[in-house]
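J.: Quick one, structure for this:
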Amino acid sequence: MEDGDSVIALPDSPEAFKEATWQDVLPYYEELAARPLDPSNVEAWLADWSSFEALIAEARNLANFAYSCDTANPELEAAQLRFGTDISPKAQEQRVRLQARLVDLGYERAGLEMMVRRIKNEMSLFREANVQLSADVSRLTTEWAKVSGAMTVEWEGEEKTPAQLLPFLESTDRGVRERAFRLRAKPYIEQRETLAGLFDRMYDLRQQIGLNAGFKNFRDYIHQEKNRFDYTPADCLRFQDAVETAVLPAVKRIHDRRRRQMGVDRLRPWDLNVDPKGRAALQPFGDIATLLDRARDIFGRVDPDFRGFFQKMEDARLLDLENRKGKAPGAYCDDLPYSKMPLIVMNAVGIDDDVRTLLHESGHAFHCLEAVQLPLVFQREYGAEIAEVASMSMELLGAPFIDKDSGGYYSEADARRSRTELLEGIVLFFPHCASVDAFQQWMYTNPEGRDADARDRKWLELRRRFEGDSVDWTGLDAQRIARWYQQPHFFSYPFYYIEYGLAQLGALQVWRNSLGDRSEAVRKYRQALALGGTRPLPELYQAAGARLIFDSQGMQELNSLVEEELAKL
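T.: Just a heads-up that it's a prediction; the model follows:
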């Protein structure tokens, strides 16, 4: 370096970091830490730091994408582990050094307020002792994905993944549904000790991370780590109570209507996915090409730009949608911050829920593409609450166009069925959301949370509290317990769930606005997404035409709107 002003030239592609070790990455952080910094050059320094973080993040996310699509590939596993257990934890340590330089300089300007607030929060939480613990958690998460991704069952002589049994839960034959329900839970029951053992180890590490950072437990730590500046754990408890008060009666009405339509004395859990009038299951598509083609048209009806966004992702081969053995469970959207593109992974098996999942994940993708006009990656770091408003709103905004006349998947009658399932599913989701959040709140603030048997008992207790007694689970405790082992968030994304509930309430408000003026509602929706993470959460909701809701009255108003729409359908 000459006069302390020379900089290391950045690579022109994340490909340069594909095989990188920490020793390849460290010099870039060292240079940014050593470069002279003052108000005259801070913007250039921030831009370089942002570009470097974008390169590293994209290389990491591409490694995770590849591994998610093939968890049986040892080379892909090794690459994912290299980022997750070596590079990422050490990079966080280096980021704190750079963050301190910015804070010490006292530099702030319009557009950076939330970035600086998040930086100060991250700095207050960082502990060197947690670097290795975070790497250990990441290693266990990879192990969990491998165990889950390898699960298969035998169905009528064929090997299938648990996800591939979902279509059979829509069979009009009750015996087939029951067999599929029990068989889908079987691998989780059989591997309960393995999964519980992995979780025990994660639990210990997470609690220690919280203690190291000066908190009583991991719950209190993670709420701050997630930059939840605008609500508290106590607000989450208010949310849970509101679900019990405002939503549970509606859940009972939906289930009672289903029971009457099916002509059964009592609903069993395998009766919840089938058409209650005995019609054949909805079959929106027979192959992935059809799923893609019709999705494009739906997005174009919501907003012409969305069609172009989706086409760009498809052209870039950033969509892996079909289920197969060895693929990690679930669905997600991730961003490639250097290329300024999103990617989507899901496990489609040809059912109606796959359409909703694609709409949902595409909402995340469009959020990414709306926010990329913000110059710094730090400005695009929005919280999960607004991220899920983006995805859940897209489910509702796209729903009116899923019929074939609009370019979608269904006849008019089947489109009404699908929209009914969507709206009923929203109501039925809130008890699940509340139980997932309550379970985690209890686990990490109670010594019994370390006991596998106590966790299973608590899960049953919470499901009874939030789901009521309109579905008969007699003799199915093992299968009901298996449900929490199927939930990726407990293992991979702890405490990431209340966001879904808050966002669903936000999305319902966007949808309510669209019933009055669709174009204006979509305009506000896009306006909110384009703000990225540059404004506080309540302001992001306000930009979308919504507000944060924790109270039973606000919840009840939206619930009533959903039930009114269901009555029309």
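
J.: ranges for the strands of the stretch 101-250 of the chain?
T.: Listed in chain order, the strands of the stretch 101-250 of the chain (DSSP state E, counting those that start in this stretch) span 153-155, 158-160.

J.: Sheet-wise, list the partners of the first one with their directions.
T.: Strand pairing for strand 153-155, determined by DSSP bridges: strand 158-160 (antiparallel).

J.: Would you agree residue 490 is in contact with residue 199?
T.: Yes - with contact defined as CB atoms under 8 Å, residue 490 counts as touching residue 199 (6.9 Å). Where you see a C-beta, it was placed from the backbone N, CA and C, and this is true even at glycine.

J.: give me the low-pLDDT residue ranges for this structure?
T.: Within the chain, the ranges that satisfy pLDDT under 70 run 1-6.

J.: need the longest helix for it.
T.: The longest helix of the chain (DSSP state H) is helix 412-443.

J.: Just the residues contacting the next helix or strand after it, thanks.
T.: On the C-terminal side of helix 412-443, the closest following helix or strand by DSSP states H and E is helix 452-467. The contact list for helix 452-467 (CB atoms under 8 Å, 6 or more residues apart in numbering) reads 196, 199-200, 240, 243-244, 248, 251, 431-432, 434-435, 438-439, 442-443, 448-449, 473, 477, 480-481, 483-484.

J.: how much does the helix or strand following helix 452-467 deviate in direction from helix 452-467?
T.: Per DSSP H and E, the first helix or strand lying C-terminal to helix 452-467 is helix 477-485. Angle, helix 477-485 to helix 452-467, by axes from the mean of the first three to the mean of the last three CA atoms, to 10 degrees: 90 degrees.

J.: So which other helices or strands are in contact with helix 477-485?
T.: In terms of contacts (3 or more CB pairs under 8 Å, 6 or more residues apart in numbering; DSSP states H and E), helix 477-485 is packed against helix 174-190, helix 192-212, helix 452-467.

J.: tell me the angle of the longest one relative to helix 412-443?
T.: Relative orientation of helix 192-212 and helix 412-443, computed by the same axes, to 10 degrees: 60 degrees.

J.: Find the nearest non-adjacent residue to the spatially most central residue of the chain, please.
T.: Nearest residue to the geometric centre of the chain (CA atoms, centre = their mean): residue 332, 6.2 Å. Nearest residue to residue 332 in three dimensions, chain neighbours excluded: residue 345, at 5.6 Å (CB to CB, 6 or more residues apart in numbering).

J.: Now do the buried residues in stretch 322-338.
T.: By 16 or more other CB atoms under 10 Å, the buried positions in stretch 322-338 come out as 322-323, 327-338.

J.: what number of residues lie near residue 431?
T.: Other residues within reach of residue 431 by the criterion other CB atoms under 10 Å amount to 22.

J.: any idea how far it lies from residue 172?
T.: To residue 172, residue 431 is 26 Å away according to CB to CB, to the nearest Å.

J.: coming back round to it: burial-wise, tell me which of the strands of the stretch 101-250 of the chain comes out on top.
T.: Of all the strands of the stretch 101-250 of the chain, strand 153-155 has the most neighbours on average by mean count of other CB atoms under 10 Å, namely a mean of 15.

J.: coming back round to it: which positions in the longest helix of the chain come out as buried?
T.: Under the neighbour-count criterion of 16+ other CB under 10 Å, helix 412-443 has 414-415, 417-424, 426-443 buried.

J.: Cool, thanks, signing off.
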